[in-house]
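Asker: no sequence for this one, just the structure:
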């Protein structure tokens, strides 16, 4: 089995996340995407984050009944801090015969040397699926000099580029701008019903 690990706060989960996951399945021949919801990401300790129960409900609504997608509680069910290297190692224990591909954005790839024990993380994953933002590039050659082996494991995913992010969508909702079609219908309904992202 080839599993994609898609980690994040998903605050909120939007269509860009779903497009990336679907393209990763297709281009990297993945059997399933494990959506790993991070309760309290170490690098966002100073940011306001929507309560876990709301993010979990939105994520479950976003992926719906797609047989390729599964919410994975590996980080939810263990104490903080939640470092990616620990997540991958636990998943290797749960799925000892699986190939684990970690999905990330180009910004995260560029920041990889600053992660917690990046060498151990890179050794733990079988591959990296990287989605670049519009107009952005990653200098893999320069990154390789800092973190040897990263170029061999990284595969750039080609997909329709949508210039949206969760932070931009939170801002749009807060400012009263249109946001309906950035989300699946059920996620949109949850945001409205619970009054999320309104100060």
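Answerer: Nice, I can see it. Since this is a predicted model, take the numbers as computed values, not measurements.

Asker: can you list contacts of the worst-scoring helix or strand of the chain on mean pLDDT?
Answerer: Of all helical and strand segments in the chain, the minimum by mean pLDDT, DSSP states H and E falls on helix 106-110, at a mean of 88. Identification of contacts with helix 106-110 by Cβ atoms under 8 Å, 6 or more residues apart in numbering yields 128, 130-133, 136-139, 143, 150, 154. (C-beta placed from N, C-alpha, C; glycine too.)

Asker: lowest-confidence member of those residues, which is it?
Answerer: Lowest pLDDT of those: residue 133, 71.

Asker: got the contact list for residue 104?
Answerer: Going by Cβ under 8 Å, 6+ apart, residue 104 touches 128-131.

Asker: pull out the buried positions in stretch 87-102.
Answerer: 87-88, 90-91, 98-102 (16 or more other Cβ atoms under 10 Å).

Asker: sorry, slip of the keys, the one I care about is stretch 49-61.
Answerer: Buried residues in stretch 49-61, counted by 16+ other Cβ under 10 Å: 50, 54-56, 58-61.

Asker: again, but for stretch 153-169
Answerer: Applying 16+ other Cβ under 10 Å to stretch 153-169 flags 153-154, 157, 159, 166, 169 as buried.
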